[in-house]
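Chemist: Have a look; sequence and predicted model below, questions after that.
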Amino acid sequence: MVGQRLTIFVWLLCGAMAFGADSSGSPTPRNRSRPFKEPSLKLGTVPVVKLEREIVASPNEVAEIKQHIDHLAKIDRPDFGFSSTMSATTFTPLKGSEKMEGGFILTNHRIQTTEDVRALVQFGSRALPFLLAALDDKTPTKLVIDDKSSIVTVMYFSNELWGNPANTTEKAAVDVLPKRDWNGETMSSYTVKVGDVCFAIIGQIVGRNYQAVRYQPTAIVIINSPVQDRALAKQVRSIWSGANPAQHLLDSLLIDYSTEGISDGNSLDKSYSVASEFQTGAAMRLLYYFPREAGDLVAKRLAQLDVRATGEGITNYVQREVSNGVRTKDFIKAVSWSGVPSVRHEVVKIFKKTTDVELLLAALPGVDLDETNSIYMRLNAFLETLPSDENGPFGQGYDLLVSLGMKLGDNAKSTFTRYLKDGSLQRWRTMSQVLRKTQSQWAVELLFPALSDKREFGWEYALVPGKNEPRRPIRVCDEAAETISLSRSDLKFQMAGEHENLDRQIAVMRQRISDGKP
């Protein structure tokens with residue numbers, strides 16, 4: 001999983017660059033509203049695409065858009081773009097597009113996307129003029145960010161405006177935005193306004209990380225409010241206002257799509273990674289908002305990708321990615337949902353020819369169920385090549401089985417069963433985790449043999465829930481019992497107390513299953 005390791009490394013590196021520390025080693029706020037100092041990006045050849053149709057809101061849609069904006073005042077839960085516990089982005093219309101962009105707290109973020117937010121993002125350029133007009137709407141929502149939680153120690157206003165340095169319009173707008181660093185003061189609370197939510201929604205539509213409220217390690221909350229900061233609202237409007245909002249958005253996305261990193265050709269540095277994010281985000285939005293205009297453009301790019309496996313060597317992986325000019329897996333995943341015939345055709349071709357597991361799974365959403373036999377054969381072929389022990393439950397076997405179970409349903413059961421035949425400790429553990437993600441109704445049948453397996457694998461659990469110490473080793477039987485209990489409410493199991501207590505619970509579970517009790 002070379003790609004995953006590199007992604008994690010780049011994420012950590014970018015996080016370390018974004019979040020500073022004082023002389024004592026404690027994190028301190030660092031303003032991030034000037035992103036154009038680095039990385040170095042350049043424009044490739046930008047396609048010229050003119051809309052051959054008018055994309056404007058009808059009178060009924062105008063009324064609907066305005067109503068959705070009014071209803072933003074009802075928001076009472078955090079969401080992407082206005083959360084005090086994470087820094088993350090998403091493109092709401094497409095499930096699975098969520099992505100952490102910075103620091104976050106290990107907690108339940110309580111994220112809830114309202115239908116009003118979702119609808120406004122779906123309207124895209126038709127909603128942009130109204131969202132821009134509402135940037136300074138002071139109407140309070142019901143979402144209050146405060147310091148009642150011990151997690152927050154510093155909360156302050158900033159004016160972070162993130163954009164593409166290769167887009168001269170954006171660069172000019174950000175360059176004139178007055179710098180606003182932390183002055184050492186902190187707020188005790190802030191009520192999110194309708195204008196703030198509109199700021200975040202605009203970011204989703206145009207592919208920008210506009211976060212009205214975000215978390216920064218450690219225990220810092222940054223507020224970027226166009227309601228509080230007129231200069232911020234002015235510059236956002238200067239970037240995204242236009243006589244023809246649809247063409248303006250299309251032109252911006254084409255610039256993003258054509259943005260390239262400046263690198264030595266032998267490494268996936270920050271420049272390459274940021275350029276890749278612009279390209280993948282643009283491809284996704286181009287196909288969503290402008291499928292007729294962008295379909296063939298994206299299909300041609302897919303056809304040119306090198307989708308061969310690179311083996312275990314980092315060098316081969318880097319060379320493939322640099323050659324493709326984009327993180328290959330991310331690009332395929334960003335467009336594989338599309339129903340544009342030319343795009344789907346190329347995605348299916350990738351699925352059928354790639355020798356890389358990650359790329360295979362990235363293309364899978366674009367393969368129709370009428371290709372069930374092809375899907376089954378391809379995923380099974382990859383499973384058959386896996387070693388008997390992958391040294392952990394979340395390897396390629398996990399990814400393949402989850403994808404197979406979600407895509408093929410009951411047709412995947414024989415593969416699940418075969419995977420466990422003479423299975424290693426790792427395979428039993430993998431199956432326990434897979435069945436928590438998909439096809440949980442098979443948990444009792446498939447994992448019953450594991451209830452007598454007392455092998456340990458290095459992980460531990462707390463004897464008393466909520467207390468870190470003392471701890472005991474988790475066994476295969478414990479993990480299997482926990483999965484089974486999650487699949488059936490009548491089969492109780494709690495991983496707490498000494499092994500003797502766990503054994504008693506498992507014995508009751510085994511007896512109930514053997515007796516055939518529902």
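Modeler: Sure, I can see it. Numbers count the residues shown, from 1 in each chain.

Chemist: so what's the closest residue to Glu460 other than its chain neighbours bridging to?
Modeler: Distance criterion CB to CB, 6 or more residues apart in numbering; nearest residue to Glu460, sequence neighbours excluded, is Arg471 at 4.2 Å. The C-beta positions use only the backbone N, C-alpha and C, and glycine is treated the same way. In this entry, Arg471 is beta-bridged to Ala462, by DSSP bridges.

Chemist: which other residues reach stretch 144-155?
Modeler: 29, 84-85, 105, 107, 182, 186-192, 213, 218-223 (CB atoms under 8 Å, 6 or more residues apart in numbering).

Chemist: any idea how far Thr186 is from Lys193?
Modeler: 19 Å (CB to CB, to the nearest Å).

Chemist: So those two - more neighbours on which side?
Modeler: For Thr186 and Lys193, the more surrounded residue by other CB atoms under 10 Å is Lys193, and the numbers stand at 26 against 15.

Chemist: which residues touch the more buried one?
Modeler: Going by CB under 8 Å, 6+ apart, the list of residues near Lys193 reads 137-141, 225, 227.

Chemist: Find the pair from those with maximum spatial separation.
Modeler: Thr139 and Ser225 (12.9 Å; CB to CB).

Chemist: list residues touching both of the two?
Modeler: Common neighbours of Thr139 and Ser225 (CB under 8 Å, 6+ apart) are 193, 195.

Chemist: These two: which is more packed in?
Modeler: Using other CB under 10 Å as the criterion, Thr139 and Ser225 rank with Ser225 on top: 23 against 14.

Chemist: Using PDB, write out the CA atom coordinates for the one helix or strand Leu446 maps to.
Modeler: Using DSSP states H and E, Leu446 sits within helix 443-447. The C-alpha trace of helix 443-447 is given here as PDB (Å, rounded to 0.1, in the frame of the first residue of the first chain):
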ATOM      1  CA  ALA A 443     -21.400 -12.700  11.100                       C
ATOM      2  CA  VAL A 444     -22.900 -15.600  13.200                       C
ATOM      3  CA  GLU A 445     -22.400 -18.200  10.500                       C
ATOM      4  CA  LEU A 446     -18.900 -17.100   9.400                       C
ATOM      5  CA  LEU A 447     -17.400 -16.200  12.800                       C
END
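
Chemist: Does it pack against any helices or strands, and if so which?
Modeler: Other helices and strands packing on helix 443-447, by 3 or more CB pairs under 8 Å, 6 or more residues apart in numbering; DSSP states H and E, are helix 413-420, helix 425-437, helix 476-487.

Chemist: Export the ones you listed as JSON lines, with columns for mean pLDDT.
Modeler: What follows is the helices and strands packed on helix 443-447, written out as JSON lines (pLDDT from 0 to 100):
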{"stretch": "helix 413-420", "mean pLDDT": "96"}
{"stretch": "helix 425-437", "mean pLDDT": "98"}
{"stretch": "helix 476-487", "mean pLDDT": "98"}
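
Chemist: who wins for proximity to Asp503 among these?
Modeler: Of all these, helix 476-487 comes closest under CB to CB, at 8.2 Å.

Chemist: got a list of contacts for the helix or strand following that closest one?
Modeler: The helix or strand immediately downstream of helix 476-487 is helix 499-514, counting by DSSP H and E. The contact list for helix 499-514, computed with CB under 8 Å, 6+ apart, reads 444, 448, 451-452, 472, 475, 477-478, 481, 484-485, 490-495.

Chemist: which parts of helix 499-514 are buried?
Modeler: By neighbour count with 16 or more other CB atoms under 10 Å, helix 499-514 contains the buried residues 499, 502, 505-506, 509-510, 512-513.

Chemist: Likewise for stretch 253-272?
Modeler: Buried residues in stretch 253-272 (16+ other CB under 10 Å): 253-261, 263, 268-272.

Chemist: Filter those residues down to the ones in strands?
Modeler: Among those, the ones falling in strands (DSSP state E) are 259-261.

Chemist: Which of the residues you listed sits closest to Ser336?
Modeler: Thr259 (21.5 Å).

Chemist: Would you mind confirming that the closest one is in contact with Leu43?
Modeler: Yes: applying CB atoms under 8 Å as the test, Thr259 and Leu43 come out as touching, 6.3 Å apart.

Chemist: can you list residues touching both of the two?
Modeler: In contact with both Thr259 and Leu43: Ala166, using CB under 8 Å, 6+ apart.

Chemist: Output the helix ranked longest in the chain as PDB, nothing but the C-alphas.
Modeler: Ranked by residue count and defined by DSSP state H, the top helix of the chain is helix 270-289. Below are the C-alpha coordinates for helix 270-289, written out as PDB (Å, rounded to 0.1, in the frame of the first residue of the first chain):
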ATOM      1  CA  LYS A 270       3.900  19.500  -1.700                       C
ATOM      2  CA  SER A 271       3.700  21.300  -5.100                       C
ATOM      3  CA  TYR A 272       2.700  18.000  -6.800                       C
ATOM      4  CA  SER A 273       0.200  17.100  -4.000                       C
ATOM      5  CA  VAL A 274      -1.600  20.500  -4.100                       C
ATOM      6  CA  ALA A 275      -1.800  20.500  -7.900                       C
ATOM      7  CA  SER A 276      -3.200  17.000  -7.800                       C
ATOM      8  CA  GLU A 277      -5.900  18.100  -5.300                       C
ATOM      9  CA  PHE A 278      -6.900  21.000  -7.700                       C
ATOM     10  CA  GLN A 279      -7.100  18.600 -10.600                       C
ATOM     11  CA  THR A 280      -9.200  15.900  -8.900                       C
ATOM     12  CA  GLY A 281     -11.500  18.500  -7.200                       C
ATOM     13  CA  ALA A 282     -12.100  20.200 -10.600                       C
ATOM     14  CA  ALA A 283     -12.700  16.900 -12.500                       C
ATOM     15  CA  MET A 284     -15.300  15.900 -10.000                       C
ATOM     16  CA  ARG A 285     -17.100  19.300 -10.200                       C
ATOM     17  CA  LEU A 286     -16.800  19.500 -14.000                       C
ATOM     18  CA  LEU A 287     -18.600  16.200 -14.400                       C
ATOM     19  CA  TYR A 288     -21.200  17.100 -11.800                       C
ATOM     20  CA  TYR A 289     -22.000  20.700 -13.000                       C
END
